[in-house]
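Enquirer: Predicted model and sequence below, questions to follow.
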Amino acid sequence: QVQLDESGGGLVPAGGSLRLSCTASGRTFTIYSMGWFRQAPGAERELVASITINDATTYGDYVKGRFTISRDSAKNEVYLQMNNLKAEDTASYYCGAFTYGSGQYNDWGQGTQVTVAS
């Protein structure tokens, strides 16, 4: 199992920036990909961005050009740089790990709240 710990959320005005961090521990050698997901009240959890161990990235259409995912493999950390934030980006942001053999993201952090004031 992989343990994930997010940080970096907060309150920011529209147009501002935030950087989220996620630190993985435990069976990190089993990780194939890590991703950032978000969930607003009453909505389903959706993918924001993901990055594989080969640095292949995927982004949700609504964040392309504004958000950047990156990782530091030596520290087992993944980051999400969020620029030009909009009110609709307000949500709880979760870090997830996709491990070999699991077929899905099945390890999650506790989440960090991002609130964008319009």
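Expert: Nice, thanks for sending it over. Residues are numbered from 1 along each chain as shown.
Enquirer: Residues contacting stretch 13-20, please?
Expert: 6-10, 12, 36, 79-87, 93, 95, 112, 114, 116-118 (C-beta atoms under 8 Å, 6 or more residues apart in numbering). Bear in mind the C-beta positions are built from the backbone N, C-alpha and C, glycine included.
Enquirer: Just the buried residues of those residues.
Expert: The neighbour count (16 or more other C-beta atoms under 10 Å) marks 6, 8-9, 12, 36, 79-80, 82, 85, 93, 95, 112, 114, 116 as buried among those.
Enquirer: how about CSV for these, with secondary structure and distance to A43 added?
Expert: Formatted as CSV, the buried ones among the contacts of stretch 13-20 follow (DSSP: H, G, I helix; E, B strand; the rest coil; distance: C-beta to C-beta, whole Å):
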residue, secondary structure, distance to A43
E6, strand, 19
G8, coil, 21
G9, coil, 17
V12, strand, 20
W36, strand, 15
Y79, strand, 24
L80, strand, 18
M82, strand, 18
L85, coil, 17
Y93, strand, 13
C95, strand, 18
T112, strand, 17
V114, strand, 14
V116, strand, 15
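Enquirer: Can I get those in a markdown table including pLDDT and distance to K64?
Expert: Listed next are the buried ones among the contacts of stretch 13-20 as a markdown table, based on pLDDT from 0 to 100; distance: C-beta to C-beta, whole Å:
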| residue | pLDDT | distance to K64 |
| --- | --- | --- |
| E6 | 96 | 22 |
| G8 | 96 | 21 |
| G9 | 95 | 21 |
| V12 | 98 | 20 |
| W36 | 98 | 14 |
| Y79 | 98 | 17 |
| L80 | 98 | 13 |
| M82 | 98 | 12 |
| L85 | 97 | 14 |
| Y93 | 98 | 17 |
| C95 | 98 | 20 |
| T112 | 97 | 22 |
| V114 | 98 | 18 |
| V116 | 97 | 17 |
